[in-house]
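# Here is a sequence with its predicted model. Questions after.
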Amino acid sequence: MVNTKADKEKIYEYLREIVDPEIPVLSIMDMGIVRDLILHDDEVEVVITPTYTGCPAMDMISMQIRMHLSSYGFPKNKVTMVLSPAWTTEWMTEEGKKKLKAYGIAPPNPRQQGCDEKLFAEAEAVQCPHCDSWHTHRVSEFGSTACKALYQCDDCKEPFDHFKCH
């Protein structure tokens, strides 16, 4: 029977071991995509929200969750994907944002409240994860994945991805 507080804490620990397939330095917990953990009588349900609708990594993440929990003795498990509320970069952990920067990806900036999204995206200052310069410019709206934009540092000249705020 699965429904004790200790089981829930263990399961969250196990979920911290699962890495994002597109950004292997981040766990799915760092990403903030795990929304809930529901313990039924003999089944574990993990509720996740994709970083954006249609994210190709979600199928892989769902499979990893099911396999990982099975390997830890929770063979009856399921993953439920919910789209509302939509995922936001504010759900990422601060530790995850630090890991992104150390990996060479500029983390998302705090979201400006009440601003025009288009103007904000054009005016957003992005710090280079390599040399910490704020003298950067966007090369392309899309980087290695749809949730990142490609930037280049005007000081060290290095290109880098920026995890877009949304």
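Cool, got the structure.

# Give the helix, strand or coil label for residue 47.
strand (DSSP: H, G, I helix; E, B strand; the rest coil).

# So what are the structural domains in this structure, by residue number?
Domain segmentation of the chain under automatic domain parsing yields 5-81, 89-163.

# show me where pLDDT drops low in this protein?
For the chain, the stretches with pLDDT under 70 are 1-6, 111-123.

# what about 50?
For the chain, the stretches flagged by pLDDT under 50 are 112-116, 119-120.

# export stretch 53-61 as PDB, just CAs?
Taking C-alpha atoms only, stretch 53-61 is exported to PDB below (Å, rounded to 0.1, in the frame of the first residue of the first chain):
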ATOM      1  CA  THR A  53       2.600  22.700 -25.500                       C
ATOM      2  CA  GLY A  54       4.000  20.100 -27.900                       C
ATOM      3  CA  CYS A  55       7.400  19.900 -26.100                       C
ATOM      4  CA  PRO A  56       9.000  16.700 -27.600                       C
ATOM      5  CA  ALA A  57      10.800  15.900 -24.400                       C
ATOM      6  CA  MET A  58       7.600  15.200 -22.500                       C
ATOM      7  CA  ASP A  59       7.200  11.700 -23.900                       C
ATOM      8  CA  MET A  60      10.700  10.800 -22.900                       C
ATOM      9  CA  ILE A  61      10.200  12.400 -19.400                       C
END
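
# quick one: that stretch to chain centroid distance?
Remark: stretch 53-61 is offset 11 Å from the chain centroid, using CA atoms, centre = their mean, to the nearest Å.

# buried residues in it?
When burial is assessed from 16 or more other CB atoms under 10 Å, stretch 53-61 yields the following buried residues: 55, 57, 58, 61. Every C-beta, even on glycine, is put in place using the N, C-alpha and C of the backbone.
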